[in-house]
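>>> structure here, sequence nowhere to be found:
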């Protein structure tokens, strides 16, 4: 159903392609009609996520997908979550403690690293927010282990969000305004100004507000961003970029997903979710929100960074990155609902809930220097880089949590939210302060040698020295626990690409990675005493494009293995030990085809076979074997496809399809979320060379489907219902 205050309309901004060098930014976007191929399959452009050797996507022996700002606007991808969902083989969800969490190649959470301009601040489970996509020139996705590039936590892949940057010698102003269903309003603008022939500045701002992006009661949302940068290039050999990024967001009465209830009490049961003991997703609860009055989730974060690039001559280069980051986050919400059957007090049934109030105070700074060389050794072209990186993190988090017995029950079908709990004795032993200090020093190297003009061999290695000082203090008693572990992981990779014919490349690689048993900054004292888990991956694939740019296809087959995940001691099921194993294997295919000038077809399909190879869980004091089960939030098949057709040069019709097969919300595989297919459509009219109007409809079939599982496993995030918006895009 559409909200009466807003006509069901469609929005999207169609913008010109964006390209960026290591120190220069892409051309500014503007309204377009369909031209060229999908940038995510552009194979002859260097990426920052794939290598520090400035290898093109074709040369890199790994699967890389790039979504340009043009593609984000054509597809109508407004936020990080929507963007990640459009990556072949990935699904994403807006879990409150981890907005825009990603599942990729059979793994999720802290095994997928999310970067901003090539810097990893912390695990994605700590820092990732559902930011407005307007600020990004492109989003690069390196699939598979990437610890050689970015350290621990990059087992399943890396997502690098690259912000827009200034362009020398250009003056332009871009704007976007849209309105849509659920009283959603979005406004953004960007300006690029040349100050002189050697100096340029760029600034971008965005603002979005909505009654609820999911059409849920009492779930107003707000997000905003402000990014600015200046580039100084006194010569072709030297450039300096200084940038500041600020993002903030707030979700009132945070949506925790739809809680499942026994089918006999459901008013409008659906087949979107099936669970043990007859649990179902009741459509009658679709818009219900059980969070307390005054509950919210928010973040306020600022990053200051600089980048110096210097060509020293003789093929030598030097790059220096400096980053400072600060953030405050809060999560004030009910984190679980437990259904109770109808009784005299609650004729419809009720939920007992627990409540949490978590706060983050997070500071981070990073310095990275890299020396590179591109020259010939023994008659062979050789590209080499050697780098050193150091970062420091100071992270404090106050965690206050109640038991379900401490809160009053709430009616399942007619919830009357209670005030945020307050007063002495509410939290007791669950009122804990966590303090973490993390020092990390890294040394890394890469080398790529062309054995022939068509055969490239690439290798890399990284050593990290990680020192963690982790302390927990129970505020009610003052009792403290502390651990100071150190970790010294080594990661490496070797790969090759071979051009078997013009425009046709084959590749293969073997790579290793490391990941903590849980996020280092959020780990319990007990978990800090475990070693890092280790992983390895094998991948082969191909990359094909024609000289006209009208055809591009990439394919990959892979296997990823992770060992030493937490399991249960067979002799003592109450004891967590390392020794579990998890793996995934699969295939991916992405393609873009322009059969005629007016028509562009693109999409990606993936199949993933993921399993726990060895895993035991403690249930009622007994070890239960989960080997052979599928990890949570991992569909076996995903598909995304788009078709864009231009009429008479000024009107473009678009159709967009996204599909994910069924997945589980628990390691026991007792709660299954059914597969879903979502269809969107758009019509864009460029009525002047400087402006376009776009109408977009989302989820046109009004599918009722589970998007991602929450916590606990009996909560499932239901995708947004049918909606639409209209947008005006300008470029001067």
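Structure's in. What do you need? Predicted, not measured: the structure shown is a model, and the values here were computed from it.

>>> sheet-wise, list the partners of the host helix or strand of residue 618 with their directions.
Assessed by DSSP states H and E, residue 618 sits inside strand 616-619. Sheet partners assigned to strand 616-619 using DSSP bridges are listed as strand 622-625 (antiparallel).

>>> now do the buried residues in the helix or strand following the partner strand.
Downstream of strand 622-625, the first helix or strand assigned by DSSP H and E is strand 637-647. Neighbour-count burial for strand 637-647, with 16 or more other C-beta atoms under 10 Å as criterion, is recorded at 638-640, 642-646. All C-beta spots, glycine's among them, are computed from the backbone N, C-alpha and C.

>>> tell me which of these is nearest to residue 275?
Taking C-beta to C-beta as the measure, residue 275 lies nearest residue 638 of these, at 22.5 Å.

>>> hmm, the closest one is touching residue 662, no?
No. In this structure, residue 638 is not within contact of residue 662 by C-beta atoms under 8 Å, at 11.6 Å.

>>> tell me, what's touching those two both at once?
Contact criterion C-beta atoms under 8 Å, 6 or more residues apart in numbering; residues shared by residue 638 and residue 662: none found.

>>> got the contact list for the lowest-mean-pLDDT helix or strand in the chain?
Using mean pLDDT, DSSP states H and E, helix 124-127 stands out as the lowest-scoring helix or strand of the chain, at a mean of 83. Helix 124-127 is touched from outside by 97-98, 101-102, 109-110, 112-114, 121, 153, 301, 327, 360, 362, 395, 519, 521-522, with contacts defined as C-beta under 8 Å, 6+ apart.

>>> give the next helix or strand downstream of that helix.
Next along from helix 124-127, by DSSP H and E: strand 136-143.

>>> run the chain-centre distance for whichever helix or strand comes after that following strand.
The helix or strand immediately downstream of strand 136-143 is helix 147-150, counting by DSSP H and E. Distance of helix 147-150 from the chain centroid (C-alpha atoms, centre = their mean, to the nearest Å) equals 17 Å.

>>> tell me the mean pLDDT over helix 147-150?
With pLDDT averaged residue by residue, helix 147-150 scores 87.

>>> just checking, what packs against it?
For helix 147-150, the elements it packs on are strand 431-452, strand 455-474, strand 490-501, strand 504-515, judged by 3 or more C-beta pairs under 8 Å, 6 or more residues apart in numbering; DSSP states H and E.

>>> quick one, what contacts residue 411?
Applying C-beta under 8 Å, 6+ apart to residue 411 gives the contacts 346, 348-350.

>>> give me that answer again for 6 Å
When contacts are counted by C-beta atoms under 6 Å, 6 or more residues apart in numbering, residue 411 touches 346, 348, 350.

>>> surely the last one and residue 409 touch.
Yes. Distance between residue 350 and residue 409: 4.1 Å, which falls inside the contact criterion (C-beta atoms under 6 Å).

>>> just to revisit the earlier point, so which of the contacts of residue 411 is the most crowded?
Per-residue neighbour counts (other C-beta atoms under 10 Å) across those peak at residue 350, which has 22 neighbours.

>>> tell me the strands beside the longest strand seen in the chain, with direction?
The strand that spans the most residues within the chain, counting by DSSP state E, is strand 350-377. Sheet pairing of strand 350-377 (DSSP bridges) gives strand 316-340 (antiparallel), strand 380-401 (antiparallel), strand 410-411 (antiparallel).

>>> go ahead and confirm residue 640 touches residue 658.
Yes. At 5.0 Å, residue 640 and residue 658 qualify as touching, with contact defined as C-beta under 6 Å.

>>> for the protein, give me the ranges with low pLDDT.
Applying pLDDT under 70 to the chain flags residues 1-41, 405.
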